[in-house]
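In: I need the structure of the sequence given here:
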Amino acid sequence: MSAGQAQSVELAPGLAESPCLRILLSAQALATLGAAIAHAMGPREFELVSVEQAVAQSRSDIDIAFISRDVTGLSTKYELVPALQACYQVLRQSAGLQWVHIHSAGADRPIYQELRDRGVRVSTSSGANAEVVAQMALTGLLALARRLPQMMAAQRRRVWAPLLGELAPRDLSGQTALLVGWGPIGQRIGEFLRMLGLSLTVLRHGVFDPQSAPEGVCMAGLQDFARWLPQTDWLLLACPLTDQTRRLVDARALALLPPGAGLINVSRGEVVVEADLVSALRTGHLGSAYLDVFEHEPLAADSPLWALEQVIVTPHSAGHAQGNAQRVNAMFIANLACWCAGQPLRNELGRG
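Out: Residues are numbered from 1 along each chain as shown. Alright, predicted model coming up:
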């Protein structure tokens, strides 16, 4: 089905007056998902509109939008390429927009809050990349625990420098991890940490039953954050960005950590006060950090984080994998079927 082509079918009784639903998606997603969308829509009349076509025609009649990874591309929530800005304008000027499904697990881009505030439903692809992000968090922790950055620096200098004596890495088994966040990513990270023999405490939002924690896991509320820091060897952040988590890890929190503790951040950069983080790393109080997210992205070329030997920096790529698109597509199609059946959407955000 080509972009802009409406599927006209004989409508089932009761749907004869149903309007044509206009669904916005990338040209790539349109080519991939056309048949699956038709199946999910059943007898409803619909039109698939590519982002490119919608922008060129300045469309303002979109009802449903699927924002896949290829739509956001290299843009961050701070720096938008013109094509994404134009796509957002189509969403803003479509007064009848009812629902937007996004490829990411997080929905902290300002556009999504703006849409929610005007009554548009927003659903995420939470869980689609949970395994991948958890693997990357584990990779960062293992690399820091085994002091790979120091050994790689020695490799670049062509220096044979075995880590012996006081330089030998500590055993991970028996160390204590404090994990902030218990969504699909946090739960998988927790499984990995327990597999490695770390003692695990999880801090989470909202009301929950501490007795529901997996065996061997201590579960507490986020309000107890400061209490747990002094006994933490590894602080892992896998939480959404909320008013409660924004600037959660500041100078005070970092000072409460034991000397030499490590930080893993695969959540959002704004959870950490970056200037305080740099200071703690420079003094050596914070022993190491793996950072995939930053207060401003892309990370500025003059940021000191690039050059600190005990820091591993990746460009918000912990969740990237070749299988993600297929998983996100499947989530959108499943939600589209729910939409057409009048059932609750999966991973729908609450109203702001």
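In: use CA for all of it now, contacts and neighbours both
Out: Noted.
In: quick check: domain ranges of the chain?
Out: Using automatic domain parsing, the domain parsing of the chain gives 6-128+323-341, 130-313.
In: looking at the ones you listed, which one has the lowest mean pLDDT?
Out: The minimum mean pLDDT among the domains of the chain belongs to domain 6-128+323-341 (a mean of 91).
In: gap between that one and the chain center?
Out: 19 Å (Cα atoms, centre = their mean, to the nearest Å).
In: then stretch 158-165?
Out: Distance, stretch centre to chain centre, for stretch 158-165: 37 Å (Cα atoms, centre = their mean).
In: start and end of that stretch, how far apart?
Out: 21 Å (Cα to Cα, to the nearest Å).
In: which of the helices or strands spans Arg22?
Out: strand 21-25 (DSSP states H and E).
In: whichever helix or strand comes after that strand versus strand 21-25: what angle between them?
Out: Sequence-wise, the next helix or strand downstream of strand 21-25 (DSSP H and E) is helix 27-41. With axes from the mean of the first three to the mean of the last three Cα atoms, to 10 degrees as the basis, helix 27-41 and strand 21-25 are set at 150 degrees to each other.
In: what about the strands in this structure?
Out: Listed in chain order, the strands of the chain (DSSP state E) span 6-7, 21-25, 46-50, 64-67, 99-102, 121-123, 176-180, 199-204, 217-221, 234-237, 261-265, 286-291, 311-313.
In: dump the ones you listed to CSV, plus mean neighbour count and distance to Gly140.
Out: Output for these, formatted as CSV (neighbours: other Cα atoms under 10 Å; distance: least, Cα to Cα, whole Å):
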stretch, mean neighbour count, distance to Gly140
strand 6-7, 15, 48
strand 21-25, 23, 34
strand 46-50, 23, 38
strand 64-67, 23, 29
strand 99-102, 24, 27
strand 121-123, 23, 29
strand 176-180, 24, 14
strand 199-204, 21, 17
strand 217-221, 18, 22
strand 234-237, 26, 10
strand 261-265, 24, 7
strand 286-291, 24, 6
strand 311-313, 20, 7
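In: can you redo the domains of the chain as a markdown table with distance to Leu349?
Out: Shown next, in a markdown table, are those (distance: least, Cα to Cα, whole Å):
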| stretch | distance to Leu349 |
| --- | --- |
| domain 6-128+323-341 | 6 |
| domain 130-313 | 12 |
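In: before we move on, the earlier item: which strands and helices sit next to the strand holding Arg22?
Out: strand 46-50, helix 51-56, strand 64-67 (3 or more Cα pairs under 8 Å, 6 or more residues apart in numbering; DSSP states H and E).
In: please repeat the previous calculation with a cut-off of 6 Å.
Out: strand 46-50, strand 64-67 (3 or more Cα pairs under 6 Å, 6 or more residues apart in numbering; DSSP states H and E).
In: export those strands to TSV and tack on distance to Asn329?
Out: Putting those into TSV (distance: least, Cα to Cα, whole Å) gives the following:
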stretch	distance to Asn329
strand 46-50	15
strand 64-67	9
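In: ok, back up a step: to Gly350, which of the domains of the chain lies closest?
Out: domain 6-128+323-341 (8.4 Å; Cα to Cα).
In: for the strand holding Arg22, C-alpha coordinates in PDB please.
Out: Written as PDB, here are the backbone C-alpha positions of strand 21-25 (Å, rounded to 0.1, in the frame of the first residue of the first chain):
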ATOM      1  CA  LEU A  21      -8.300   7.000  10.300                       C
ATOM      2  CA  ARG A  22      -5.100   8.600   9.100                       C
ATOM      3  CA  ILE A  23      -2.000   6.900  10.500                       C
ATOM      4  CA  LEU A  24       1.400   8.700  10.300                       C
ATOM      5  CA  LEU A  25       4.500   6.600  10.100                       C
END
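In: isn't Glu294 up against Gly269?
Out: You called it Glu, but residue 294 is Phe. Yes - if you go by Cα atoms under 6 Å, Phe294 and Gly269 touch, sitting 3.6 Å apart.
In: in space, what's closest to Arg346 - neighbours in sequence excluded?
Out: Asn335 (6.3 Å; Cα to Cα, 6 or more residues apart in numbering).
In: Ala27 too?
Out: Ala27's closest residue in space is Ser50 (Cα to Cα, 6+ apart), at 5.1 Å.
In: for Arg188, see how far away Trp182 is.
Out: On the measure of Cα to Cα, Trp182 and Arg188 end up 9 Å apart.
In: may I ask you to name the longest helix in the chain?
Out: helix 324-341 (DSSP state H).
In: in that helix, which of the residues would be classed as buried?
Out: Going by neighbour count (16 or more other Cα atoms under 10 Å), the buried part of helix 324-341 is 324-325, 328-339.
In: which of those lies closest to His316?
Out: Asn324 (14.7 Å).
In: could I get the strands of the chain in TSV, plus columns for distance to Pro298?
Out: Formatted as TSV, these follow (distance: least, Cα to Cα, whole Å):
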stretch	distance to Pro298
strand 6-7	39
strand 21-25	26
strand 46-50	28
strand 64-67	21
strand 99-102	21
strand 121-123	25
strand 176-180	24
strand 199-204	28
strand 217-221	32
strand 234-237	20
strand 261-265	16
strand 286-291	13
strand 311-313	11
